[in-house]
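here's a sequence, model it:
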Amino acid sequence: MPTPLVTGISPREGCPGIKITIRGENLGLDEKDFIGLKICGDDCRPTATWVSPTKIIAYAGHGQGKGDVVVITKSGGVGSCSVGFYGRVEQAGQFQEVAVWIEEDAVALFGLNTSKAPALLPGSIDTLSGSTTDSISATPTEELYEMFPTSNYCSDDLFSWAALEFALKRLLMNPRISMPVGATIEAIRPAFELEFDTLSLPGGLGATPSFFAVPSSSTDITQTNFNPYYYLLTYKSNANFAELRKNLEHLKRTQVDNKGASTTLVKNNIASFMEAVDIMKDIRRFSADDRKKNVYTPVIKLIEEISRIAHSMYDTDLARKDYSDTIRNALNVIQRYKFIFHLPQTIERSVKREEYEKVINDFVRARAAFETVDSKVFQNIQREVEQQIQNLRTLFRQRLTEFPSSIDDQKLFIRYLHSLDSKADPAWDCIIHQKAALIDVLRSCVVDRLQQQQQQQQQQTHDVKLHHHDQATAMVDQACDVLTTAFPDLWYLIQLYLKKKLYPLSERSEELDRTYTHKQPEFDALTEEIIQTFISVVRLNLLTRSTTGEPDMSTSQINDIYTNAEEIYQRVKTLPHCVQNCRLCVLHLVSLDIQAHFKKDLQQLMFDLRLECFKVIMDHACLEVSRLNTQETWELECDEVLGSHTKLPNLFHDMIVTKANIIYENVLSVNVTKGERKFFEDKEATKQAAIAVYRLLDDFSSVFQILIKDCSSTSNSIEPLSASTTMITSSEHLSKTLRLIIILNNFAYTRRFILPRLKKIFLNYGFRGMDRVYDEIENSYKRVDEQLLDTVQNEYLRPFLHRLESRMYAGRFDWATHQRVTTVKDYVKHIILDLARVHAEVYSISSQLVYTVLSRILSTLVKELAKLYSNINQFSKAGGMQACLDLIALQECLGRCMETGTSSQLKEIITQIPDAAEHIKSKALTDMLNVFLKQMQPYSIAFRNVIQPQSNTN
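Numbers count the residues shown, from 1 in each chain. Predicted coordinates for the structure are as follows:
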């Protein structure tokens, strides 16, 4: 296919993320053929969509400048381009939005001088009006400088204008704040607050980082916490952006003109200043005249009288004040100890609400008051409060003895008790109670064996045993759950106790340190008791067979322990689950910092459990294999090498693979880093595994023996050829001999294919000693193979041997009186025809078995002929020729199906016939033999194609 060619692109330029339509030729057969797209050197295939061989829709990447648009396809390769695309990178502005992230820097963006001090503006006067000529709504710049001529915050640099200019520029030029035409600050207040909530002002402006984060921001320019953003939101929230821009320009223009503001004010109001000076002179002259005329004497007397009356009233008020202070002091005392009078009710109410912190704080506070105040009322209250606190201690101790309880609750109540009585050791009491409760629960998780035996004696049913297996599984699950939940909390509490972290630092003493040191052995004994109890519980429930067995039990007795199949089925369902649950529990315990010998005991328990689980799974597998004969459906499957066989060998293979996977998951897979032992590193485990594999494979050979016995119900052994062909497709009416051939071929298929596959599986899973096991199995399978062949041979030979002699002497034939030889006798023809039927039946199942079956049949048949011919006392000349003709015809037709010994024996029979050499050389015998072979060619041709194995292992 031609290379892709891009002939058009729309648009031809744009910023990153713009949608582009690409048109051209040979842009791909389909979506899968379109594998690449580069725009200005940037890979845009992930965002591209193939529409047709002439159209693609994509989104521009981050490529900059002018570049090519290149399409890549599987069928055409890398394409070319006749047009280009220009990638632009737009900058964010006041009214420009872009689809890319823009890094912003306020100082760099606006060019502010961050070294200046904050500016000051009057907070009550609007200095940012919309018009520069309106004196009512706008504060002139001259007034600002006259009001604060010497302020430290006003200098020639006009810092106030810089602060406001920064706020306005930040607002007006921020691309992330949308600014519609005519909008006000109040309309965009959420975006404005969000933007400036994270903004820091330039250094030196004297404002806090954000007035939203600092509530003390002010709009008053005379204050140090003046905030220009706050000022804009407070006084200019209804101003639109056009007005703000005008104000900004107005501030810039008036900065230079403000320098002479104070001089201008004086010049414009010189008349008022002169009038005020004249008034002050008149006031001074009037005051001097009053002093000359003694105008102040009456006033002084009046003031003295008023002072006397005031002092009198003040003394009365002081007396009243003293009385009021006395009452107030008494009320203050009552108010001060008010909580003590209400303390019993407060404690009772707080206990009901479980506000124990409040109870303890109130009690500590009241205890200090009881020690400083000696009053009978207080003593009565103290006794009542002490009784309540004692009840509270009892409640806390009960909560500490609850099982199970979380470590947080335990630490909390330990702290409560220690706060109420610093001399007590509630942590130690809690540890002892939790340990005792945990051991009691574990000991309750053991099935009562005595009760179990009594029930078995009373009820001789399997349901009792199965019930006890379910009960034992539930008990183990409960023990694992309890130990996994409670022991880590107890262990953590012990570690906190030993590290002295349960009590406040101020409460520690040398005596307490010695107590901690002496209790370390007790903690070790406590931990050992818990772990050993758990191990005993698991062994009593799951390992009864291995722990209760007599030491001198024989192998047969051990194998007979689980002769009950239902019991094995029940254990194989529950034991793997228990092993996994116990493994999780043990791994959880081992992860704690317990001592090494505790970990070793737990790992030994797990190894024993895994070994027991392995035995149970293999026992169950042997039972399943021994019952495979019931699953034989006689439905044939064709194999290119060994012909037709049923599903039975593959069922056996799949069953073993399933069991091997279960064994791997529950027994063989280990976590070496957690201290788990590899299963086959143990000699006993290796031995048990080898024995189990041998039993498993040997049991399957027994299945074929059982099937052979089951075939005895079939009556006919040899069916007509037409029937033999239909037997392959109909499993309901298979003949006895055909079933035997199928069994024999299944056995050969198992030896040749199934056993090697299983050996490879066992070796992959780490089984050891498989070579020796398979040597023993091979010997066993050879014996079974001989038995199967003998059975097949006997079934086929029974009609041969029964009819051979009668057919030989049919029509009162006598070898001594026979006068004329015309053709081969009928008994030879019957032998050939019957063997042809046998050949057809065996060949319909497997061509590999034809020679094996026919050679064994012919070996026995020739031996029977030797007996018959040895009993003939006399041959006539024609009788001798007839015997030679019959035996030579048999040799010529069936010679390829005979073993060397059988053929030699047949030749020996011929040589024992009188004048055999002469008869063999006679032309008459040769002519009759040729005529017979021609007549039997349709039957004998099958024997010529019989495949003789190079080495007969059977």
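
any idea how far Q787 is from S780?
Distance from Q787 to S780, counting by C-beta to C-beta, to the nearest Å: 11 Å. Just so you know, the C-beta spots here come from the backbone N, C-alpha and C atoms, and that holds for glycine as well.

show me where the stretch 251-400 of the chain has helices.
Taking DSSP state H, counting those that start in this stretch to define them, one finds helices in the stretch 251-400 of the chain at 261-268, 270-292, 297-336, 338-341, 343-352, 356-372, 376-400.

again, but for the stretch 751-900 of the chain
755-764, 770-808, 826-843, 850-870, 877-894, 900-911.

of those, which approaches A942 most closely?
helix 826-843 (5.3 Å; C-beta to C-beta).

hey, C-alpha coordinates of that closest one in CSV?
What follows is helix 826-843, C-alpha atoms only, in CSV (Å, rounded to 0.1, in the frame of the first residue of the first chain):
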residue,chain,number,x,y,z
ASP,A,826,-12.2,-76.0,6.9
TYR,A,827,-10.7,-75.9,10.4
VAL,A,828,-7.8,-73.8,9.0
LYS,A,829,-10.3,-71.5,7.3
HIS,A,830,-12.2,-71.0,10.5
ILE,A,831,-9.0,-70.2,12.4
ILE,A,832,-8.1,-67.6,9.8
LEU,A,833,-11.6,-66.1,9.7
ASP,A,834,-11.9,-66.0,13.5
LEU,A,835,-8.5,-64.3,13.8
ALA,A,836,-9.5,-61.8,11.1
ARG,A,837,-12.5,-60.9,13.3
VAL,A,838,-10.1,-60.5,16.3
HIS,A,839,-7.8,-58.4,14.2
ALA,A,840,-10.7,-56.1,13.1
GLU,A,841,-11.9,-55.7,16.6
VAL,A,842,-8.5,-55.0,18.1
TYR,A,843,-7.5,-52.7,15.2
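
all strands for the chain, in order.
Read by DSSP state E, the chain holds these strands, from start to end of the chain: 5-10, 13-14, 19-25, 34-39, 42-43, 49-52, 55-59, 65-73, 77-78, 80-81, 84-87, 637-639, 643-645.

ok, the residue sitting nearest the centre point of the chain - contacts?
In the chain, the centroid-proximal residue (C-alpha atoms, centre = their mean) is L584; its distance is 15.3 Å. L584 makes contact with C480, T484, according to C-beta atoms under 8 Å, 6 or more residues apart in numbering.

per-residue pLDDT of it, please?
On pLDDT, L584 comes in at 91.

so how far is K499 from K921?
K921 sits at a distance of 114 Å from K499 (criterion: C-beta to C-beta).

same check, this time on A810
According to C-beta to C-beta, A810 and K499 sit 108 Å apart.

neighbour count: the two, which is higher?
A810 (13 against 9; other C-beta atoms under 10 Å).

how about the more buried one, nearest residue that isn't a chain neighbour?
D826 (6.6 Å; C-beta to C-beta, 6 or more residues apart in numbering).

do I have it right that the one you found meets R807?
Yes - assessed by C-beta atoms under 8 Å, D826 is found in contact with R807 at 6.2 Å.

on that earlier part again, make a markdown table from the helices of the stretch 251-400 of the chain and add distance to G766, mean neighbour count and mean pLDDT to it.
Listed next are the helices of the stretch 251-400 of the chain as a markdown table, based on distance: least, C-beta to C-beta, whole Å; neighbours: other C-beta atoms under 10 Å; pLDDT from 0 to 100:
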| stretch | distance to G766 | mean neighbour count | mean pLDDT |
| --- | --- | --- | --- |
| helix 261-268 | 99 | 12 | 59 |
| helix 270-292 | 113 | 9 | 75 |
| helix 297-336 | 82 | 10 | 82 |
| helix 338-341 | 75 | 14 | 79 |
| helix 343-352 | 63 | 16 | 88 |
| helix 356-372 | 59 | 15 | 82 |
| helix 376-400 | 50 | 15 | 86 |
